[in-house]
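*Asks:* what's the 3D shape of this:
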Amino acid sequence: MKGINLFLHRMFDKSFKILCSIELNPSNKLGIVILFLLLCHGINAQSDSTKNKILVVHAEFLNFETFNNLEHQYLRTDVVIRHKNTYLFCDSAIIVGLKVRALGHVRIVETDSLQIFGDTLNYDGSTLKAELINNVSLIHHDKQLFTQKLNYDLKNRIASYESNGVLISSDTRMKSKKGFYFAKTEKSYFKDSVNILLNNGMNVQTDTIEMDAKANKVYFIAPTTIKRDSLHIYCEKGFYDITEQKTYLDQYPIYRNRNEKADARIIISDERKKITTLFENARISDSVSLTTGDTIIVNDSLHTISIYGHGIYHDKEREIQGDKIFYNRRDKSIQVEGKTEVSEGPQKIKADKIDYKGNDDIGYAFGNVVIRDTLSSWEIHCDTSSYNKRTKQFFPIGTRKYIATPFDNDTLYLSSQILYSQQVIEGVDTFQIMVADKNVRIWSKKVRGLCDSLYFNGKDSVFTLFYNPVLWSDSTQFTGDTILLYMKHKILDRIHLLQKAFILTESRNSLIDQIKGRNIFAYFVDKKINYVDILGNAEAIYYVSEEGKGYIGMNYIKCSKMQIDFFEDQKIDKIHFYTKPEGNMIPVYQGKDKRLEGFNQRTQEQPKNFEELFIAIYEN
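*Replies:* Below you'll find the predicted structure:
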């Protein structure tokens, strides 16, 4: 067998020298050499007995000696050795059985273009394991691994190092104290002080990481820090797709970029599309805004934020809540759907859907709309409403629109065909004004009213009723050309009737007390009329009663000015007359039908309940 090997060596020696002497560039020369070696492999494969032998393909100098019954082969200059399908190149080598020690320009070549370089090699053919020392580099496809000591398992095709190494590919540079490279799957594992630098400038630092070269992905399997410029990410599980430039982070990663922070159970970032998606308990914040929701999608190319599920967006101007929120950072436009609520200053808006046009500063609310002013506690209810942010104006739309405001520990409701509200700022004062026009109807348990136009000033808490106005409080009716209703601490304080003022109070016996004058001012205490001032052309008809005898007569008084005091049951107690009073008393049966000029009992017109607020609106 030894003679056959020597014969083969000599047969190929001249051919190999000729091939090695050809002037070719390194890549072509290597290809020809490998082709030649494959031919050699084909010839050597003819003998099964040589399959597990260390074969010397070429050496300029070859010596043999036997020591302790073991053959020692000494090779020098252009040494080429083969074992199974692997070739070894070096300057010199010693072969003892299945063990090889190679020195100088060591190179291992496998048939799929994997090559390992080093200064020294210790190879054990029985275990198919190699140890390369000093200036070691492994090249496989587009990957290069550099270290000072490398162990390579030829059977499983696994390379490993434990004393610092660097892996370089077309997109990535990885550095760690320990590493494993699996040539079959082209996967790598790096441990201890891992540092990765990607071509896009991203730097990854961790204790353990995995890289799949075929998929071109980096897997984070331990606490990991990712940095690039002002970007800082911490995660414990996930991966980065180098080709697609996508990052997938799991187990509540932490994202920081300048003053922006992002947290969620899962964060997925697409660098090419500039889209970042956060899943489960998602939260994004910066110096001026906070966004939370079940899912948040940030599209930096479109400058949009989309929030799905329990969404909240909060900035210096507003807070938005909804099942779905779409916000454009560039034009400040907002669309909100499902259980929608927007708070801006003292105003809060609830609706099924809100659409706000940032460029125009105009918003629209749709479906079950409630607009609330927290300063005055009034509310606007409607089907649809528009809102002008610049002018702070609300315009309710639809047939069933009304205003609700606290009134005497109850609620006063107001409806009309046209409603309008605006926030006004005067110096340090901020208050609301409201305008109602056409078929204005008012209802509460204590006060009802009608008019054709109404104005409310939140600064003074005054309702002004125009055009044929009328108010009812319990059994009393108030009319005049203009009616002013003053509130104090959300309780009725006084009513002013201006021009053609008239007050009617009906008793249980259908007897009607009447008061008229140019102007009447009625003052309330504990929600009831306390006294009334009648100024100018004052006239009064009232029925006098005597305890135990009932009504004993009707009294008629006329003077320029009078004041009337009332009992708690709203019956007239005393009348103070000023400036030449005139009057007389007549029996009740003679005076019960007497009416003052301008008398107009409108009891049948008053809304009897909340639903009757909308009768006139439907009819018109």
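
*Asks:* isn't T603 up against W472?
*Replies:* Yes - look at T603 against W472 with Cβ atoms under 8 Å: they come within range, at 7.5 Å. From N, CA and C alone the C-beta is placed, and that goes for glycine too.

*Asks:* ok, these two, which is more surrounded?
*Replies:* Neighbour totals were compared for T603 and W472, and W472 leads with 22 against 12 (other Cβ atoms under 10 Å).

*Asks:* which residues touch the more buried one?
*Replies:* For W472, the contact set (Cβ atoms under 8 Å, 6 or more residues apart in numbering) comprises 447-449, 478, 603, 606.

*Asks:* cool, and V336?
*Replies:* 311, 320-322, 324-326, 342, 353-355.

*Asks:* bridging residues for it?
*Replies:* I325, I354 (DSSP bridges).

*Asks:* please apply the same query to F366.
*Replies:* Bridge pairing for F366 - DSSP bridges - gives K353, T384.

*Asks:* what number of residues lie near it?
*Replies:* Using other Cβ under 10 Å, the number of residues around F366 comes to 18.

*Asks:* let me know whether it touches K350 as I believe.
*Replies:* No - if you go by Cβ under 8 Å, F366 and K350 don't touch, sitting 11.5 Å apart.

*Asks:* now for N519, how many residues are close by?
*Replies:* Count around N519 with other Cβ under 10 Å applied: 19.

*Asks:* over to D78?
*Replies:* With other Cβ under 10 Å as criterion, D78 counts 17.

*Asks:* now do Y248
*Replies:* Y248: 19 neighbours (other Cβ under 10 Å).

*Asks:* element containing it, please.
*Replies:* Element membership for Y248 (DSSP states H and E) is strand 246-250.

*Asks:* what sits up against that strand?
*Replies:* With Cβ under 8 Å, 6+ apart, strand 246-250 has contacts from 220, 226, 233, 235-241, 255, 265-271.

*Asks:* extract the CA atoms of it and return them as PDB.
*Replies:* Extracted in PDB, the C-alpha atoms of strand 246-250 (Å, rounded to 0.1, in the frame of the first residue of the first chain):
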ATOM      1  CA  LYS A 246     -37.300  45.000   9.800                       C
ATOM      2  CA  THR A 247     -37.100  44.600  13.500                       C
ATOM      3  CA  TYR A 248     -39.300  42.400  15.600                       C
ATOM      4  CA  LEU A 249     -39.000  42.800  19.400                       C
ATOM      5  CA  ASP A 250     -40.900  40.800  22.000                       C
END
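
*Asks:* who does that strand pair up with?
*Replies:* strand 237-241 (antiparallel), strand 266-270 (antiparallel).

*Asks:* need the ones you listed in a markdown table with mean neighbour count, can you?
*Replies:* Shown next, in a markdown table, are those (neighbours: other Cβ atoms under 10 Å):
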| stretch | mean neighbour count |
| --- | --- |
| strand 237-241 | 20 |
| strand 266-270 | 19 |
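
*Asks:* stretch 556-566: which residues count as buried?
*Replies:* 556-564, 566 (16 or more other Cβ atoms under 10 Å).

*Asks:* swap in stretch 417-432?
*Replies:* 419-423, 430-432.

*Asks:* closest one of these to K332?
*Replies:* Each of the buried residues of stretch 417-432 was scored against K332 by Cβ to Cβ, and Q423 proved nearest at 18.9 Å.

*Asks:* once you drop chain neighbours, what's closest to that closest one?
*Replies:* Spatially, and ignoring its direct neighbours in sequence, Q423 is nearest to K392 (3.6 Å; Cβ to Cβ, 6 or more residues apart in numbering).

*Asks:* wait, the one you found sits on Q422?
*Replies:* Yes - in this structure, K392 is within contact of Q422 by Cβ under 8 Å, at 5.6 Å.

*Asks:* ok so, going back, a markdown table please, covering the buried residues of stretch 417-432 and showing distance to F279.
*Replies:* Below are the buried residues of stretch 417-432 laid out as a markdown table (distance: Cβ to Cβ, whole Å):
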| residue | distance to F279 |
| --- | --- |
| L419 | 43 |
| Y420 | 44 |
| S421 | 40 |
| Q422 | 42 |
| Q423 | 39 |
| T430 | 41 |
| F431 | 45 |
| Q432 | 42 |
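
*Asks:* and those, which two are furthest apart?
*Replies:* Taking Cβ to Cβ, no two of these sit farther apart than L419 and T430, at 20.4 Å.

*Asks:* quick one: which of the buried residues of stretch 417-432 sit in strands?
*Replies:* 419-423, 430-432 (DSSP state E).

*Asks:* what secondary structure does E611 sit in?
*Replies:* Classification of E611 by DSSP: H, G, I helix; E, B strand; the rest coil places it in helix.

*Asks:* OK, contacts around it?
*Replies:* Applying Cβ under 8 Å, 6+ apart, no residues qualify as near E611.

*Asks:* check it and give its pLDDT.
*Replies:* What the model reports for E611 is a pLDDT of 89.

*Asks:* then A102?
*Replies:* Listed pLDDT for A102 reads 97.

*Asks:* show me which strand runs longest in this structure.
*Replies:* Max-length strand for the chain by DSSP E is strand 528-546.

*Asks:* partner strands of the helix or strand just after it, parallel or antiparallel?
*Replies:* Following strand 528-546 in sequence order, the next helix or strand is strand 550-566 (DSSP H and E). Strand 550-566 pairs in its sheet with strand 528-546 (antiparallel), strand 572-578 (antiparallel), strand 582-586 (antiparallel), by DSSP bridges.

*Asks:* so which of these is the most packed in?
*Replies:* strand 528-546 (a mean of 19; mean count of other Cβ atoms under 10 Å).

*Asks:* average pLDDT across that one?
*Replies:* 87.

*Asks:* now stretch 317-324
*Replies:* The model assigns stretch 317-324 a mean pLDDT of 90.

*Asks:* R318 against E341, yeah?
*Replies:* No - using Cβ under 8 Å, R318 is not in contact with E341; the gap is 10.5 Å.

*Asks:* tell me the contacts of the nearest residue in space to M554 that is not next to it in sequence?
*Replies:* Sequence neighbours aside, G591 is the residue nearest to M554 in space, at 3.0 Å (criterion: Cβ to Cβ, 6+ apart). Shown in contact with G591 (Cβ under 8 Å, 6+ apart): 541, 543, 553-554, 556.

*Asks:* show me where the chain has helices.
*Replies:* Taking DSSP state H, the helices of the chain run over residues 2-21, 26-44, 588-591, 615-619.

*Asks:* looking at those helices, which has the lowest confidence?
*Replies:* Among those, helix 2-21 carries the lowest mean pLDDT (a mean of 42).

*Asks:* contacting residues around the closest residue to Q422 other than its chain neighbours?
*Replies:* Nearest non-adjacent residue to Q422, counting by Cβ to Cβ, 6+ apart: Q393, 4.6 Å away. Q393 sits next to 387, 420-422 when contact means Cβ under 8 Å, 6+ apart.

*Asks:* can we see that at 10 Å?
*Replies:* 362, 386-387, 420-423, 433 (Cβ atoms under 10 Å, 6 or more residues apart in numbering).

*Asks:* fine by me, thanks again.
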